[in-house]
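K.L.:
Give me coordinates for this.
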Amino acid sequence: MTETDKRVPTCPATVAIDADERTRIRALAEHSHAVITRHQDDGGAYPASPTFSAYRGYAWLRDGSFTAEGISRYGDTESANRFHDWVDGVLRGRREQVDRLVAAALRGEPPPADEMLPTRYTFDGADGSDPWWDFQTDGYGMWLWSVVTHADRHGIDIERWRRGITVAVDYLLSCWDRCCYDWWEEHVEQRHVSTLAAIYGGFTTVATLLDTRRADAVRTAAEDIYDLVREEGVAAGHLTKWLGNSAVDGSLPACIVPFGLVAPDTELADTTLKAVAHDLDVDGGVHRFTADVFYGGGQWILLAALLGWNLAARGDTDGAMRHLRWIAAQANDDGDLPEQVDHHLLHPETKAEWVARWGEVASPLLWSHGMYLILADELGLLATEEP
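P.N.:
Down below sits the predicted model:
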């Protein structure tokens, strides 16, 4: 189909580090697994953060899909299965709603954003009771990628989640090209490159598992996404934050690994990673974007892991280890990883207003711990013995 009509392989690197550092890395991995599984809801949902006022009681498909990937790589198939069971159940319960949304789109009457599926759910699969920036499509593509990748890794029959998969596919086919909020729940008026990449990754990962009609439709949509991003989502040789923009975003490396919209060995991948590092990487910690004012615009654990993951996949183990070490250094005395840290705020004058609104930065953030597991595994450091 395209240069990236193949899954990005997972091939852990071999990293030469001393025994003490390997022990510390493994200890934080064990703690990360414990944090994630201790706070996993009985029904399978991964809460974004168990203590943060705006996050507790809610589960995002975006956060959860990456958290489940980290747990799957760690080898805890039961926990990851329970999460995917939960998403599957939530989506099966939305079958009629999605059918109505699809029918409206086919009539040329796209529903307003507030009628679309939410980006976060309560643990029992309901919509939230408080207002949120809800219309975000990336999480549904991420879940398709995550559930199939997990099933392939552990030899699990995908039939277990097929009904939920078809709901997600039908929903995305009806709205993938619409403007929506981005990963950071901002700019609903734009079409975001990282969002399109997540949908592309979901479509290309799941295509061979679908019936002929759906398979043809997702392959066509993936080709359209590929062409659209090349035409409108590239400036100065790198991917951009949204179509027609020139800025970069810390989520852009995901367009390369794991979602495969850009092949890792291309000039576009190289230039994009360099642009993200140049604009957003400080001492191994990665900002979301230069105009970020959320809690002052700190450095995000999960984005450091995402950039490190991409470097590891390209064979730059030294660069990837730089990010892994930075992440490990951000753990508090209990070993918990926050959402972001404030060592290098882009807009420090804005932090106080967020603290007053929601309290201190979320910690622990399960997505941060999940991404740490992914990067440690990509570097071959989750094994109990040195490779």
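
K.L.:
Leaving out the residues flanking it, which one is nearest to I225?
P.N.:
Nearest residue to I225, sequence neighbours excluded (Cβ to Cβ, 6 or more residues apart in numbering): Y200, at 4.6 Å. Where you see a C-beta, it was placed from the backbone N, CA and C, and this is true even at glycine.

K.L.:
so the one you found is in which element?
P.N.:
Here Y200 is covered by helix 193-206, with elements defined by DSSP states H and E.

K.L.:
Over to W326?
P.N.:
Applying DSSP H and E as the criterion places W326 in helix 317-329.

K.L.:
Pull the contacting residues for the residue nearest to I225.
P.N.:
Contacts for Y200 (Cβ atoms under 8 Å, 6 or more residues apart in numbering) come out as 141, 222, 225-226, 259-261.

K.L.:
quick one: it from R95, how far?
P.N.:
Going from Y200 to R95 by Cβ to Cβ, to the nearest Å gives 24 Å.

K.L.:
ok, now D249?
P.N.:
D249 is 33 Å from R95, by Cβ to Cβ.

K.L.:
Looking at those two, which one has more neighbours?
P.N.:
Neighbour tally, D249 and R95, criterion other Cβ atoms under 10 Å: the higher count belongs to D249, 28 against 15.

K.L.:
which phi and psi does the nearest residue to the more buried one once chain neighbours are set aside have?
P.N.:
Nearest-residue entry for D249: K241, 4.2 Å, with adjacent residues in sequence omitted and distances by Cβ to Cβ, 6+ apart. K241 adopts backbone torsions of phi -60, psi -50, taken as degrees, to the nearest 10.

K.L.:
Same question for Q340.
P.N.:
Q340 adopts backbone torsions of phi -150, psi 160, taken as degrees, to the nearest 10.

K.L.:
do the same with W300
P.N.:
Residue torsions, per degrees, to the nearest 10, at W300 are phi -100, psi 130.

K.L.:
right, and it touches G250 too?
P.N.:
Yes: using Cβ atoms under 8 Å, W300 is in contact with G250, at 6.5 Å.

K.L.:
Name the residues contacting each of these two.
P.N.:
Counting by Cβ under 8 Å, 6+ apart, the shared contacts of W300 and G250 are 286-288.

K.L.:
Now rank those residues by neighbours and give me the top one.
P.N.:
Using other Cβ under 10 Å as the neighbour test, these are led by V286, with 26 neighbours.

K.L.:
For that residue, which residues are in contact?
P.N.:
V286 makes contact with 250, 276, 280, 299-300, 303-304, 306-307, 323, according to Cβ under 8 Å, 6+ apart.

K.L.:
Turn these into JSON lines, including secondary structure, pLDDT and distance to R22.
P.N.:
Formatted as JSON lines, the contacts of V286 follow (DSSP: H, G, I helix; E, B strand; the rest coil; pLDDT from 0 to 100; distance: Cβ to Cβ, whole Å):
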{"residue": "G250", "secondary structure": "coil", "pLDDT": "98", "distance to R22": "28"}
{"residue": "V276", "secondary structure": "helix", "pLDDT": "98", "distance to R22": "28"}
{"residue": "L280", "secondary structure": "helix", "pLDDT": "98", "distance to R22": "29"}
{"residue": "Q299", "secondary structure": "strand", "pLDDT": "98", "distance to R22": "25"}
{"residue": "W300", "secondary structure": "strand", "pLDDT": "98", "distance to R22": "25"}
{"residue": "L303", "secondary structure": "helix", "pLDDT": "98", "distance to R22": "24"}
{"residue": "A304", "secondary structure": "helix", "pLDDT": "98", "distance to R22": "20"}
{"residue": "L306", "secondary structure": "helix", "pLDDT": "98", "distance to R22": "23"}
{"residue": "L307", "secondary structure": "helix", "pLDDT": "98", "distance to R22": "22"}
{"residue": "H323", "secondary structure": "helix", "pLDDT": "98", "distance to R22": "17"}
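
K.L.:
ok, these vs H84, which is closest?
P.N.:
L306 (21.3 Å; Cβ to Cβ).

K.L.:
Three-state assignment for the residue nearest to the closest one when sequence neighbours are not counted, please.
P.N.:
Closest residue to L306 apart from its sequence neighbours, by Cβ to Cβ, 6+ apart: P253 at 5.1 Å. Secondary structure, DSSP: H, G, I helix; E, B strand; the rest coil: P253 is helix.

K.L.:
Just the residues contacting stretch 346-362, thanks.
P.N.:
For stretch 346-362, using Cβ under 8 Å, 6+ apart, the contacting residues are 48-49, 51-55, 287, 290-298, 338-342, 345.

K.L.:
Okay, and which of the residues you listed map to strands?
P.N.:
If you go by DSSP state E, the contacts of stretch 346-362 have 287, 340-341 in strands.

K.L.:
Could you export the residues you listed as a markdown table, including pLDDT?
P.N.:
Formatted as a markdown table, the ones in strands among the contacts of stretch 346-362 follow (pLDDT from 0 to 100):
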| residue | pLDDT |
| --- | --- |
| H287 | 98 |
| Q340 | 98 |
| V341 | 98 |
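
K.L.:
Report the distance from stretch 130-149 to the chain centre.
P.N.:
9 Å (Cα atoms, centre = their mean, to the nearest Å).

K.L.:
okay, how far is it across that stretch, tip to tip?
P.N.:
Using Cα to Cα, to the nearest Å, the end-to-end distance of stretch 130-149 comes to 33 Å.
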